[in-house]
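Colleague: What would the 3D arrangement of this be:
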Amino acid sequence: MPNTTAAAVPGAAGKLRWRTPVLFLAEFPLPTARLSADTVPALPVVARRWALQLLGGPAQTFRTLGSSTGSGPVAYRNLPAVAADFADRNNIANALAAQEQSSTGFGLQVQARRLLSGRWGVSAGLGYQEYATITDYSGPITYTTYSGLNGPRLATQEINFSQRDTYRFATVPLRISYALGPASQRLRYGLLAGTDVAVYLGGSSTGQFPSSAAKADNLYRPLSVSVTAGLDLHYRVGPRLDLLAQPNATYFLTSLPKPVSGLTPRYLWGAGVQFGVSYDLR
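Modeller: The predicted structure follows:
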């Protein structure tokens, strides 16, 4: 009896050892098949149609001078003293305009942005923009004067003049954006272009030289139009929050001084970058 049992047990144990690897492979597949990167589903990207954007930043600003209007109202002859003084002031300002240098301005904007598709978007809002130039000049200035009874003549005057000219605007920015990179990435980039309707709020300039009397003469257009082009950079830092950077350049299509002002036409422009945040609404 003991010998029969001993012979049977080793035989049964041998059968179990032969079958165990087959059962293990069938019921426990290799874990690397489940952890392969190709089988992990991508995280869903939520495309929200509306976003609120707040932007602000500096810009290097200057102006392009247009063709001179003739150093003032040359049709004036035998002017009254007040009108002749006003014409002289404008002509001194025109002579000083060539001495201007660029300066730093800044702007602020709040916009509502609408995503039209995976790549196109539009935005509109309200803003504030300041353009500036610097004039620091010491020396002779030659200009046209209307003093006396013999019509216009050239005059030379020694000038010691230093002033930061500023032009302040309330703006209505309208923008179109086009995304270049994939929308699912944390860093997204694209192109930006548009136009601004600018309402002149005031400032100080050589058009008011050498006193503030010219303020009452309303020398500047109340409404101007500019165009803007640049880049649109987004960096996602939260489920709804992006950090923004928009390097851009702006150019005024309309001259700031009115044609009847007697001032040399000037077309403002600026190049800078605006930083801000974008918050997805829905």
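Colleague: for the chain, what spans make up the helices?
Modeller: 2-27, 81-97 (DSSP state H).
Colleague: Now the weakest link among the ones you listed, please, by mean pLDDT.
Modeller: Among these, helix 2-27 has the lowest mean pLDDT, at a mean of 49.
Colleague: What ranges in this structure fall below the confidence cut-off?
Modeller: 1-47, 68-88, 146-151, 206-217 (pLDDT under 70).
Colleague: any idea where the strands of it begin and end?
Modeller: In the chain, the strands defined using DSSP state E lie at 50-65, 100-115, 120-145, 153-179, 187-204, 223-236, 241-252, 266-280.
Colleague: Find the nearest non-adjacent residue to Leu180, please.
Modeller: In space, not counting the residues next to it along the chain, Leu180 is nearest to Gly190; the distance is 5.0 Å by CB to CB, 6 or more residues apart in numbering. (Glycine included, C-beta is placed from N, CA and C.)
Colleague: what about that neighbour, how many neighbours?
Modeller: 17 (other CB atoms under 10 Å).
Colleague: related to what we said a few turns ago, Ala93: which of the strands of the chain is closest?
Modeller: Ala93 lies closest, by CB to CB, to one member of the strands of the chain: strand 120-145, at 8.8 Å.
Colleague: Could you tell me how many residues sit around Asp196?
Modeller: 21.
Colleague: ok, it - contacts?
Modeller: Residues in contact with Asp196 (CB atoms under 8 Å, 6 or more residues apart in numbering) are Gly127, Gln129, Thr171, Val172, Pro173, Leu174, Val225, Ser226, Val227, Thr228, Thr250.
Colleague: Mind doing that once more with 6 Å?
Modeller: For Asp196, the contact set (CB atoms under 6 Å, 6 or more residues apart in numbering) comprises Thr171, Pro173, Ser226.
Colleague: How about Pro257?
Modeller: Pro257 neighbours (CB under 6 Å, 6+ apart): Leu219, Tyr220, Leu263.
Colleague: What separation is there between the second one and Val197?
Modeller: When distance is defined by CB to CB, to the nearest Å, Tyr220 is 15 Å away from Val197.
Colleague: So which of the contacts of Pro257 is surrounded by the most neighbours?
Modeller: Going by other CB under 10 Å, Leu263 tops the contacts of Pro257 with 27 neighbours.
Colleague: Which strand residues bridge the closest residue to that one other than its chain neighbours?
Modeller: Spatial nearest neighbour of Leu263, chain neighbours left out: Pro257 (3.9 Å); criterion: CB to CB, 6+ apart. Counting by DSSP bridges, Pro257 forms beta bridges with Tyr220.
Colleague: got it, and the one 10 residues further on?
Modeller: According to DSSP bridges, Thr64 are recorded as the beta-bridge partners of Tyr267.
Colleague: right, and it touches Phe252 too?
Modeller: Yes - when contacts are counted by CB atoms under 6 Å, Tyr267 is listed as touching Phe252 (4.8 Å).
Colleague: Count residues in the vicinity of Ser67, would you?
Modeller: 7.
Colleague: Equivalent analysis for Phe169, please.
Modeller: For Phe169, using other CB under 10 Å, the count is 25.
Colleague: How about Thr228?
Modeller: Neighbour count for Thr228, taken as other CB under 10 Å: 19.
Colleague: ok, the nearest residue to Ala59 once chain neighbours are set aside to Thr61 distance?
Modeller: Leaving aside its chain neighbours, Ala59 sits nearest to Gly272 (2.8 Å; criterion: CB to CB, 6+ apart). According to CB to CB, Gly272 and Thr61 sit 8 Å apart.
Colleague: Just read off the phi/psi values of Leu281.
Modeller: phi -90, psi -50 (degrees, to the nearest 10).
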